[in-house]
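> no sequence on this one, just coordinates:
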């Protein structure tokens, strides 16, 4: 298990899956468990908030996957997605 986990949510639209990072989870300092730190909260789906904890991808994988959600460089005014 890694030092931290990414807190993610996924939504489906037109047969595609769109992943959004919400924050991170870190092992608790005392005892078992994790501390979850959220930078955003997912939209409610049928009254539930679904957060998926995954091991972080290596940096190079995250950069290559940045445009998989349909965003292109022109859509962002020439800026790159920072994660």
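Sure, I can see it. All of these numbers come straight from a predicted model, not from anything done at the bench.
> in its sheet, what does the longest strand seen in the chain sit against?
Of all the segments of type strand in the chain, defined by DSSP state E, the longest one is strand 16-27. According to DSSP bridges, strand 16-27 has the following sheet partners: strand 5-13 (antiparallel), strand 34-38 (antiparallel).
> which of those strands sits most buried?
strand 5-13 (a mean of 15; mean count of other C-beta atoms under 10 Å). C-betas here are computed from N, CA, C, even on glycine.
> need the contact partners of that one.
Contacts made with strand 5-13 from outside it, assessed by C-beta atoms under 8 Å, 6 or more residues apart in numbering, are listed as 17-26, 34, 36-38, 42-43, 45, 50-56.
> and the average pLDDT for it is what?
Per-residue confidence for strand 5-13 averages out to 92 on the pLDDT scale.
> now swap in stretch 44-63 and tell me
Predicted confidence along stretch 44-63 averages 81 (mean pLDDT).
> quick check: buried residues in that stretch?
Within stretch 44-63, no residue qualifies as buried by neighbour count (16 or more other C-beta atoms under 10 Å).
> gap between the two ends of stretch 38-55?
Chord length of stretch 38-55, first to last residue, is 16 Å (C-alpha to C-alpha, to the nearest Å).
> these two touch, right, residue 3 and residue 34?
No. At 11.2 Å, residue 3 does not count as touching residue 34 under the criterion of C-beta atoms under 8 Å.
> list residues touching both of the two?
Joint contacts of residue 3 and residue 34 (C-beta under 8 Å, 6+ apart) are 26, 27.
> buried residues, stretch 21-34. List them.
22, 24, 25.
> contacting residues around that stretch?
Counting by C-beta under 8 Å, 6+ apart, residues outside stretch 21-34 touching it are 3-9, 35-42, 51, 53, 83.
> excluding its backbone neighbours, what's nearest residue 56?
In this structure, residue 56 finds its nearest non-sequential neighbour in residue 6, 5.0 Å apart by C-beta to C-beta, 6 or more residues apart in numbering.
> partner residues bridging that neighbour?
On DSSP bridges, the residues paired with residue 6 through beta bridges are residue 24, residue 54.
> for residue 48, same thing?
According to DSSP bridges, the residues that bridge with residue 48 are residue 45.
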